[in-house]
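S.K.: let me see the structure of the following:
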Amino acid sequence: MSGQEKKSPEVIVIGAGIIGITSAIELQAKGANVTVLDKSGVAAGASQGNAGAFAFSDASPVASPGIIRKAPKWFLDPLGPLSVPLPYAIQILPWMLRFLRASRPEQVKTGIEALTTLMTVSRERLVPFMEQTGTHNMLRQHGNLQLYEHRKSFEENLPVWHAREERGSKFTPLTDPDQIAEYQPGIDRRFVAAIATNDWYGISDPKDYTVQLGEFFKAKGGEIVIAEAVALKHGAVSVSVVLKDGKELSADHIVVSAGAWSHHLAKTIGDHIPLETERGYNTTLPVDAFDLKRQLSFEEHGFVVTPLSSGIRVGGAVELGGLKLPPNYRRADALLNKAKGFLPDLKIEGGRQWMGFRPSLPDSIPVIGPASRSRRITYAFGHGHLGLTQSAGTAKLVSDLVMGIENGVDLSSYSPSRF
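M.R.: Residues are numbered from 1 along each chain as shown. So this is what the prediction gives:
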């Protein structure tokens, strides 16, 4: 806090990533006195290095029958779209068993419904939120091109897109390389089909966006404290967070949105939530590395190429390796080399490599709801690679929940108790 005696804040938000900062602003707008805690600062984690897209049409869980069929081949490739480093394989086994259960058709259907609801709330709230915070000028509507080398993969995905279309996600199927070239010149002609979504939103730069939100929050009277939270405590009339230096901060309510570290805090009050870490890799190339018109998604290879104000970002894939193993930047190199093969004119020199931790739950549905032992503690984590996309919707649901505002959204699908 500060050297002076200061009244405890009404709400403490743990985590200064995109979910935490957005939730803090929404709580503040609803009249709460908010303090944000983070061990490193605003946008220090996955919020700075993501692909910069609001992927509202991406409402399908990662766990699915199709992924399960592909997974054994992928796992054998240490640089493939989905891998588990051998030193981590035993530790992650319980999570993988839950992931397998989540791939059953009935579970996938439940996941699609939950994600669609959250995407709808997020899409509806995004533009008003950006106008409120003075960040609307950072929004981009450049579209997305989802590319397929194999027509069979394209045809297998068409029913998913038709289902999304029924829920308002418009798309255009492209069925030959010439059509693809009209949307984005310079793509290798091995890609025989694509899905074009012109209403796809992006952000000029995800780190800049989150940092600007942090400045807006502070300008409105909010406080951001650099401190590491290590435990939670709950009482009848207040809750508190214990810091690494032994200090304790109390509040009327605590929101836990600490990304990949959130489950460690939940465990201190008896909630065992199966959060795992997707280690995402990327390389950001100079702005002139390629004349990129829109975001490109190479679906069969698990990565994207995104135009940002800070450069061309090549990244993605999933390495389920926890928080402690050292980064394997060969994965970033592999993605970059693939991108060069798919975009022959791409200049791959002068890039900046990065690795970040995405907080992922086995069913791809984030946890949004109260702790089991205290309704004064609200969890908001586990968004995987969709934190930016789902940030505005999550912040609305969290702030309404904390402030006791009815909004008609059934939160049972996001409940921490489902595990």
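S.K.: low-confidence ranges in this structure?
M.R.: Flagging of the chain using pLDDT under 70 yields the residue ranges 1-9, 66-78.
S.K.: which positions in the longest helix that it contains come out as buried?
M.R.: In the chain, taking DSSP state H as the definition, the longest helix is helix 105-133. Applying a neighbour-count criterion of 16 or more other C-beta atoms under 10 Å, one finds 107-108, 110-112, 114-123, 125-126, 129-130, 133 buried in helix 105-133. Placement of C-beta: from N, CA and C, glycine included.
S.K.: cool, and stretch 52-65?
M.R.: Buried-residue list, stretch 52-65, by 16+ other C-beta under 10 Å: 52-64.
S.K.: helices or strands up against whichever strand or helix holds residue 263?
M.R.: Here residue 263 sits within helix 262-267, counting by DSSP states H and E. For helix 262-267, the elements it packs on are strand 229-234, strand 253-256, strand 377-381, judged by 3 or more C-beta pairs under 8 Å, 6 or more residues apart in numbering; DSSP states H and E.
S.K.: out of these, which gets nearest to residue 207?
M.R.: Among those, strand 377-381 comes nearest to residue 207, with 19.5 Å by C-beta to C-beta.
S.K.: the helix or strand just after the longest helix of the chain pairs with which strands, parallel or anti?
M.R.: Using DSSP H and E, the helix or strand that follows helix 105-133 towards the C-terminus is strand 139-140. Strand 139-140 sits in its sheet next to strand 201-203 (antiparallel), going by DSSP bridges.
S.K.: give the buried residues for stretch 38-51.
M.R.: 38, 39, 42, 43, 44, 45, 46, 47, 48, 49, 50, 51.
S.K.: among these, which two are most distant?
M.R.: Greatest spacing in these, by C-beta to C-beta: 39 and 51 (24.3 Å).
S.K.: how about the helices in this structure?
M.R.: 18-29, 46-49, 65-75, 93-102, 105-133, 151-166, 177-183, 206-219, 262-267, 330-342, 387-403.
S.K.: Throw those into TSV and include distance to residue 283, thanks.
M.R.: What follows is those, written out as TSV (distance: least, C-beta to C-beta, whole Å):
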stretch	distance to residue 283
helix 18-29	21
helix 46-49	10
helix 65-75	21
helix 93-102	28
helix 105-133	28
helix 151-166	25
helix 177-183	24
helix 206-219	15
helix 262-267	28
helix 330-342	5
helix 387-403	19
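S.K.: for residue 378, which of those is the nearest?
M.R.: helix 387-403 (5.8 Å).
S.K.: who are the packing partners of the closest one?
M.R.: helix 18-29, helix 46-49, strand 53-54, helix 105-133, strand 253-256, strand 367-370, strand 377-381.
S.K.: re earlier: deepest in the core, which of the helices of the chain is it.
M.R.: Greatest average neighbour count among those goes to helix 18-29 (a mean of 28), per mean count of other C-beta atoms under 10 Å.
S.K.: give me the angle between that helix and helix 387-403.
M.R.: Per axes from the mean of the first three to the mean of the last three C-alpha atoms, to 10 degrees, the angle that helix 18-29 makes with helix 387-403 is 40 degrees.
S.K.: check which helices and strands helix 18-29 sits against.
M.R.: Checking 3+ C-beta pairs under 8 Å, 6+ apart, helix 18-29 ends up next to strand 11-14, strand 34-38, helix 105-133, helix 206-219, strand 253-256, strand 377-381, helix 387-403.
S.K.: what about the closest residue to residue 287 other than its chain neighbours, how many residues nearby?
M.R.: Excluding the flanking residues, the one nearest residue 287 by C-beta to C-beta, 6 or more residues apart in numbering is residue 311, at 5.3 Å. Residue 311 has 19 neighbours, counted by other C-beta atoms under 10 Å.
S.K.: if we can go back for a sec, what sits up against the helix holding residue 263?
M.R.: Contacts with helix 262-267, where a contact means C-beta atoms under 8 Å, 6 or more residues apart in numbering, come from 14-15, 229-232, 256, 258, 272-275, 359, 367, 371, 379, 381-382, 416.
S.K.: show me which of those are buried.
M.R.: 14-15, 229-230, 232, 256, 258, 273-275, 359, 367, 371, 379, 381-382, 416.
S.K.: of all the helices of the chain, which one comes closest to residue 280?
M.R.: Of these, nearest to residue 280 by C-beta to C-beta is helix 46-49, at 7.0 Å.
S.K.: for the closest one, packing partners?
M.R.: Helix 46-49 packs on helix 206-219, strand 276-285, strand 352-360, helix 387-403, going by 3+ C-beta pairs under 8 Å, 6+ apart.
S.K.: residue 159 is nearest to which of the ones you listed?
M.R.: Between the helices and strands packed on helix 46-49, helix 387-403 lies closest to residue 159; by C-beta to C-beta that is 22.1 Å.
S.K.: these two touch, right, residue 339 and residue 316?
M.R.: No: using C-beta atoms under 8 Å, residue 339 is not in contact with residue 316, being 10.2 Å away.
S.K.: quick check: neighbours shared by the two?
M.R.: residue 303.
S.K.: about what we covered before: with respect to residue 302, which of the helices and strands packed on helix 262-267 lies nearest?
M.R.: Per C-beta to C-beta, nearest to residue 302 of the helices and strands packed on helix 262-267: strand 377-381, 22.9 Å.
S.K.: ok, residues contacting that closest one?
M.R.: 15, 19-20, 23, 232, 234, 239, 253-259, 262-263, 266, 269, 271, 273, 275, 359, 366-371, 394, 398, 401-402, 416.
S.K.: make it 7 Å
M.R.: Here strand 377-381 makes contact (C-beta atoms under 7 Å, 6 or more residues apart in numbering) with 19, 23, 232, 234, 239, 253-259, 262, 266, 269, 275, 359, 366-371, 394, 398, 401-402, 416.
S.K.: perfect, I'm done here.
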